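>>> sequence unavailable; structure follows:
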Ligand SMILES: Nc1ncnc2c1ncn2[C@@H]1O[C@H](COP(=O)(O)OP(=O)(O)OP(=O)(O)O)[C@@H](O)[C@H]1O
(Lines give C-alpha, C1' and ligand atoms only; values in the text may rest on other atoms or scores of the structure.)
Protein backbone atom coordinates (compact mmCIF):
# COMPACT_ATOMS: atom_id res chain seq x y z
CA UNK A 1 0.00 0.00 0.00
CA UNK A 2 1.23 3.47 -0.87
CA UNK A 3 1.15 6.57 1.29
CA UNK A 4 -0.34 9.40 -0.74
CA UNK A 5 -0.56 13.00 0.42
CA UNK A 6 -2.46 15.20 -1.97
CA UNK A 7 -2.48 19.04 -1.92
CA UNK A 8 -2.01 19.26 1.85
CA UNK A 9 -2.23 22.62 3.54
CA UNK A 10 -1.78 22.99 7.29
CA UNK A 11 -2.12 26.26 9.15
CA UNK A 12 -1.70 26.73 12.88
CA UNK A 13 -3.65 29.53 14.56
CA UNK A 14 -1.16 32.09 15.87
CA UNK A 15 -2.93 34.85 17.79
CA UNK A 16 -4.73 37.06 15.28
CA UNK A 17 -2.59 35.60 12.50
CA UNK A 18 -1.89 32.05 11.35
CA UNK A 19 1.29 30.15 10.46
CA UNK A 20 1.33 28.07 7.31
CA UNK A 21 3.32 24.93 8.20
CA UNK A 22 2.52 22.91 5.03
CA UNK A 23 1.86 24.65 1.73
CA UNK A 24 0.30 22.57 -1.06
CA UNK A 25 2.29 19.42 -0.26
CA UNK A 26 1.79 16.38 -2.52
CA UNK A 27 3.76 13.19 -2.05
CA UNK A 28 3.47 9.56 -3.06
CA UNK A 29 5.55 6.86 -1.38
CA UNK A 30 5.30 3.35 -2.77
CA UNK A 31 5.59 0.04 -0.88
CA UNK A 32 9.27 -0.84 -0.52
CA UNK A 33 10.41 2.77 -1.08
CA UNK A 34 12.49 4.79 1.38
CA UNK A 35 11.94 8.54 0.93
CA UNK A 36 13.97 11.11 2.83
CA UNK A 37 12.55 14.56 3.57
CA UNK A 38 15.19 17.06 4.60
CA UNK A 39 14.86 20.66 5.67
CA UNK A 40 16.05 23.22 8.18
CA UNK A 41 14.51 23.86 11.59
CA UNK A 42 10.96 25.17 11.31
CA UNK A 43 10.54 24.09 7.68
CA UNK A 44 7.58 21.78 8.41
CA UNK A 45 9.14 18.31 8.83
CA UNK A 46 7.39 17.40 12.09
CA UNK A 47 4.12 18.80 10.80
CA UNK A 48 4.42 16.63 7.69
CA UNK A 49 4.96 13.49 9.79
CA UNK A 50 2.13 14.36 12.18
CA UNK A 51 -0.29 14.79 9.26
CA UNK A 52 0.95 11.58 7.58
CA UNK A 53 0.38 9.71 10.86
CA UNK A 54 -3.12 11.07 11.22
CA UNK A 55 -2.13 12.79 14.48
CA UNK A 56 -2.93 16.21 12.98
CA UNK A 57 -5.71 16.85 10.49
CA UNK A 58 -4.67 18.98 7.52
CA UNK A 59 -6.57 22.20 6.94
CA UNK A 60 -7.19 20.99 3.37
CA UNK A 61 -6.06 18.01 1.33
CA UNK A 62 -6.08 14.23 1.68
CA UNK A 63 -3.77 11.64 3.24
CA UNK A 64 -4.33 8.09 2.05
CA UNK A 65 -2.93 4.76 3.12
CA UNK A 66 -3.94 2.53 0.24
CA UNK A 67 -7.45 3.67 -0.65
CA UNK A 68 -8.38 5.01 2.79
CA UNK A 69 -8.28 8.77 3.36
CA UNK A 70 -7.21 9.01 6.99
CA UNK A 71 -7.96 12.76 7.11
CA UNK A 72 -11.66 12.10 6.50
CA UNK A 73 -12.14 9.23 8.92
CA UNK A 74 -13.82 9.80 12.28
CA UNK A 75 -11.20 10.13 15.05
CA UNK A 76 -11.65 6.62 16.45
CA UNK A 77 -11.34 5.00 13.01
CA UNK A 78 -8.27 7.14 12.24
CA UNK A 79 -6.67 5.99 15.49
CA UNK A 80 -7.41 2.36 14.68
CA UNK A 81 -5.95 2.74 11.18
CA UNK A 82 -2.84 4.34 12.64
CA UNK A 83 -2.34 1.51 15.13
CA UNK A 84 -2.84 -1.17 12.50
CA UNK A 85 -1.20 0.29 9.41
CA UNK A 86 1.27 2.98 10.46
CA UNK A 87 4.48 2.53 12.44
CA UNK A 88 6.05 5.64 13.95
CA UNK A 89 9.69 5.85 15.05
CA UNK A 90 10.36 8.90 17.18
CA UNK A 91 13.77 10.49 17.63
CA UNK A 92 14.06 9.29 21.22
CA UNK A 93 13.53 5.52 21.51
CA UNK A 94 11.59 5.96 24.81
CA UNK A 95 12.31 2.41 25.90
CA UNK A 96 11.13 1.19 29.29
CA UNK A 97 14.15 0.73 31.59
CA UNK A 98 12.94 -2.46 33.28
CA UNK A 99 12.04 -4.39 30.12
CA UNK A 100 14.22 -6.57 27.89
CA UNK A 101 14.46 -5.85 24.16
CA UNK A 102 11.92 -8.60 23.43
CA UNK A 103 9.50 -7.23 26.03
CA UNK A 104 9.80 -3.70 24.57
CA UNK A 105 8.34 -5.12 21.35
CA UNK A 106 5.63 -7.12 23.12
CA UNK A 107 4.27 -4.51 25.50
CA UNK A 108 2.03 -2.56 23.09
CA UNK A 109 0.66 -5.77 21.63
CA UNK A 110 -0.03 -6.99 25.16
CA UNK A 111 -2.00 -3.83 25.91
CA UNK A 112 -4.05 -4.58 22.79
CA UNK A 113 -4.93 -8.01 24.15
CA UNK A 114 -2.28 -10.27 22.58
CA UNK A 115 -0.53 -12.27 25.31
CA UNK A 116 3.30 -12.35 25.23
CA UNK A 117 3.47 -16.06 24.34
CA UNK A 118 1.69 -15.21 21.06
CA UNK A 119 4.03 -12.37 20.09
CA UNK A 120 7.35 -13.82 21.24
CA UNK A 121 8.37 -15.44 17.95
CA UNK A 122 7.58 -12.31 15.91
CA UNK A 123 9.48 -10.12 18.39
CA UNK A 124 12.57 -12.35 18.27
CA UNK A 125 12.42 -12.52 14.44
CA UNK A 126 12.24 -8.73 14.20
CA UNK A 127 15.11 -8.26 16.65
CA UNK A 128 17.16 -10.66 14.54
CA UNK A 129 16.19 -8.73 11.38
CA UNK A 130 17.47 -5.49 12.91
CA UNK A 131 20.79 -7.10 13.89
CA UNK A 132 20.11 -7.78 17.57
CA UNK A 133 20.19 -11.58 17.56
CA UNK A 134 21.59 -12.67 20.91
CA UNK A 135 20.78 -9.34 22.59
CA UNK A 136 17.04 -9.86 22.99
CA UNK A 137 17.35 -10.37 26.76
CA UNK A 138 19.19 -7.09 27.33
CA UNK A 139 17.61 -4.11 29.03
CA UNK A 140 18.19 -0.62 27.54
CA UNK A 141 21.12 0.30 29.82
CA UNK A 142 23.10 -2.59 28.29
CA UNK A 143 22.47 -1.46 24.70
CA UNK A 144 24.30 1.26 22.76
CA UNK A 145 22.46 4.30 21.37
CA UNK A 146 22.40 2.74 17.91
CA UNK A 147 21.13 -0.57 19.30
CA UNK A 148 18.35 1.22 21.19
CA UNK A 149 17.33 2.88 17.94
CA UNK A 150 17.24 -0.59 16.34
CA UNK A 151 14.85 -1.78 19.08
CA UNK A 152 12.78 1.35 18.39
CA UNK A 153 12.55 0.46 14.68
CA UNK A 154 11.77 -3.21 15.37
CA UNK A 155 9.02 -2.14 17.80
CA UNK A 156 7.40 0.02 15.12
CA UNK A 157 7.30 -3.02 12.82
CA UNK A 158 5.50 -5.29 15.33
CA UNK A 159 2.03 -4.50 13.98
CA UNK A 160 3.25 -5.22 10.40
CA UNK A 161 2.54 -1.64 9.26
CA UNK A 162 2.19 -0.60 5.62
CA UNK A 163 3.67 2.83 6.31
CA UNK A 164 6.69 3.65 8.46
CA UNK A 165 7.25 7.26 9.58
CA UNK A 166 10.66 7.99 11.06
CA UNK A 167 11.58 11.24 12.80
CA UNK A 168 15.29 12.21 13.01
CA UNK A 169 16.55 8.72 13.95
CA UNK A 170 20.22 9.70 13.61
CA UNK A 171 20.09 12.92 15.64
CA UNK A 172 21.74 11.44 18.74
CA UNK A 173 24.12 9.08 16.91
CA UNK A 174 27.69 9.32 15.60
CA UNK A 175 28.27 8.99 11.86
CA UNK A 176 28.90 5.23 11.83
CA UNK A 177 25.88 4.38 13.99
CA UNK A 178 23.76 6.85 11.98
CA UNK A 179 24.80 5.24 8.70
CA UNK A 180 23.98 1.80 10.10
CA UNK A 181 20.52 2.94 11.19
CA UNK A 182 19.71 4.45 7.76
CA UNK A 183 20.98 1.27 6.06
CA UNK A 184 18.78 -0.74 8.40
CA UNK A 185 15.78 1.42 7.43
CA UNK A 186 16.53 0.78 3.74
CA UNK A 187 16.76 -2.95 4.48
CA UNK A 188 13.50 -3.27 6.45
CA UNK A 189 11.68 -1.03 3.96
CA UNK A 190 12.46 -3.50 1.17
CA UNK A 191 12.12 -6.64 3.27
CA UNK A 192 8.70 -5.77 4.70
CA UNK A 193 7.48 -3.77 1.65
CA UNK A 194 6.62 -0.70 3.73
CA UNK A 195 6.34 2.85 2.40
CA UNK A 196 8.88 4.68 4.57
CA UNK A 197 9.27 8.42 5.14
CA UNK A 198 12.48 9.46 6.91
CA UNK A 199 12.49 13.03 8.14
CA UNK A 200 15.89 14.49 8.93
CA UNK A 201 17.93 17.68 8.90
CA UNK A 202 21.00 15.49 8.17
CA UNK A 203 21.99 15.36 4.50
CA UNK A 204 24.95 13.02 5.01
CA UNK A 205 22.98 9.77 4.61
CA UNK A 206 21.10 10.62 1.43
CA UNK A 207 23.07 8.21 -0.76
CA UNK A 208 21.40 5.38 1.21
CA UNK A 209 17.77 6.30 0.38
CA UNK A 210 15.69 5.65 -2.74
CA UNK A 211 14.48 9.22 -3.19
CA UNK A 212 14.95 12.58 -1.56
CA UNK A 213 12.81 15.71 -1.36
CA UNK A 214 13.50 18.96 0.51
CA UNK A 215 11.09 21.06 2.49
CA UNK A 216 11.42 24.78 3.08
CA UNK A 217 8.76 27.10 4.45
CA UNK A 218 6.28 24.22 4.17
CA UNK A 219 6.85 23.67 0.45
CA UNK A 220 8.40 20.54 -1.07
CA UNK A 221 11.03 20.66 -3.80
CA UNK A 222 13.15 18.00 -5.53
CA UNK A 223 12.42 14.37 -6.46
CA UNK A 224 8.92 14.28 -7.86
CA UNK A 225 7.64 16.47 -5.02
CA UNK A 226 4.63 18.42 -6.12
CA UNK A 227 3.89 16.00 -8.94
CA UNK A 228 0.39 14.70 -9.17
CA UNK A 229 0.56 11.48 -7.10
CA UNK A 230 -1.86 9.82 -9.47
CA UNK A 231 0.66 10.12 -12.29
CA UNK A 232 4.01 9.96 -10.50
CA UNK A 233 6.10 6.76 -10.61
N1 LIG B 1 1.59 24.10 17.59
C2 LIG B 1 2.00 25.08 16.79
N3 LIG B 1 1.40 26.30 16.80
C4 LIG B 1 1.80 27.29 15.97
N5 LIG B 1 2.80 27.17 15.08
C6 LIG B 1 3.45 25.98 15.03
C7 LIG B 1 3.11 24.90 15.88
N8 LIG B 1 3.94 23.86 15.61
C9 LIG B 1 4.78 24.28 14.63
N10 LIG B 1 4.49 25.55 14.29
C11 LIG B 1 5.16 26.35 13.24
O12 LIG B 1 5.00 25.64 12.01
C13 LIG B 1 6.21 25.71 11.24
C14 LIG B 1 6.73 24.29 10.97
O15 LIG B 1 7.11 23.69 12.22
P16 LIG B 1 7.62 22.18 12.32
O17 LIG B 1 7.71 21.85 13.77
O18 LIG B 1 6.77 21.31 11.47
O19 LIG B 1 9.10 22.31 11.67
P20 LIG B 1 10.35 21.29 11.72
O21 LIG B 1 10.94 21.33 10.35
O22 LIG B 1 9.91 19.97 12.24
O23 LIG B 1 11.31 21.98 12.75
P24 LIG B 1 12.45 21.31 13.71
O25 LIG B 1 13.46 20.69 12.77
O26 LIG B 1 13.00 22.49 14.45
O27 LIG B 1 11.75 20.32 14.59
C28 LIG B 1 7.17 26.58 12.03
O29 LIG B 1 7.06 27.90 11.55
C30 LIG B 1 6.66 26.48 13.45
O31 LIG B 1 6.96 27.67 14.18
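It's in. The model shown is predicted, which means the values in this text are computed figures rather than measured ones.

>>> which positions in the helix or strand harbouring residue 126 come out as buried?
Counting by DSSP states H and E, the element that carries residue 126 is helix 116-129. Of the residues in helix 116-129, those scored as buried under the neighbour-count criterion (16 or more other C-beta atoms under 10 Å) are 119, 122-124, 126-127, 129. In short, each C-beta sits where N, CA and C put it, glycine included.

>>> cool, and stretch 61-74?
Buried positions in stretch 61-74, judged by neighbour count with 16+ other C-beta under 10 Å: 61-65, 70-71, 73.

>>> quick check: which of those has the minimum pLDDT.
Least confident by pLDDT among those: that is residue 71, with 87.

>>> quick one, phi/psi of that one?
The phi and psi torsions at residue 71 (degrees, to the nearest 10) take the values phi -70, psi -20.

>>> before we move on, back to that, filter the buried residues of helix 116-129 by proximity to the ligand?
Among these, not one lies near the ligand by C-beta under 6 Å from any ligand atom.

>>> now, the buried residues of stretch 61-74 that are in strands?
61-65 (DSSP state E).

>>> tell me what whichever helix in the chain runs longest is packed against?
Secondary structure of the chain read by DSSP state H shows that its longest helix is helix 175-191. In terms of contacts (3 or more C-beta pairs under 8 Å, 6 or more residues apart in numbering; DSSP states H and E), helix 175-191 is packed against strand 34-38, helix 116-129, helix 145-156, strand 163-167, strand 195-200.

>>> need those in TSV (columns: distance to residue 54 and mean pLDDT).
Rendered in TSV, the data for the helices and strands packed on helix 175-191 read as follows (distance: least, C-beta to C-beta, whole Å; pLDDT from 0 to 100):
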stretch	distance to residue 54	mean pLDDT
strand 34-38	17	96
helix 116-129	23	94
helix 145-156	15	93
strand 163-167	10	96
strand 195-200	13	96
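
>>> JSON lines for the ones you listed, including distance to residue 7?
Formatted as JSON lines, the entries for these read as follows, by distance: least, C-beta to C-beta, whole Å:
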{"stretch": "strand 34-38", "distance to residue 7": "17"}
{"stretch": "helix 116-129", "distance to residue 7": "36"}
{"stretch": "helix 145-156", "distance to residue 7": "28"}
{"stretch": "strand 163-167", "distance to residue 7": "19"}
{"stretch": "strand 195-200", "distance to residue 7": "17"}
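
>>> residues in the protein within reach of the ligand, list them.
Proximity of the chain to the ligand, by C-beta under 6 Å from any ligand atom, involves residues 12, 14, 19, 21, 39, 41-47, 201.

>>> contact partners of stretch 140-158?
If you take C-beta atoms under 8 Å, 6 or more residues apart in numbering as the criterion, stretch 140-158 is touched by 87-90, 93-97, 101, 104-106, 108-109, 119, 122-123, 126-127, 129-132, 135, 164, 166, 169, 172-173, 177-178, 180-181, 184-185, 188, 192, 194.

>>> so where's the protein shaky on pLDDT?
Flagging of the chain using pLDDT under 70 yields the residue ranges 223-233.

>>> gap between the strand or helix carrying residue 76 and the chain center?
Using DSSP H and E, residue 76 sits within helix 75-85. In terms of C-alpha atoms, centre = their mean, to the nearest Å, the centre of helix 75-85 is found 15 Å from the chain centre.
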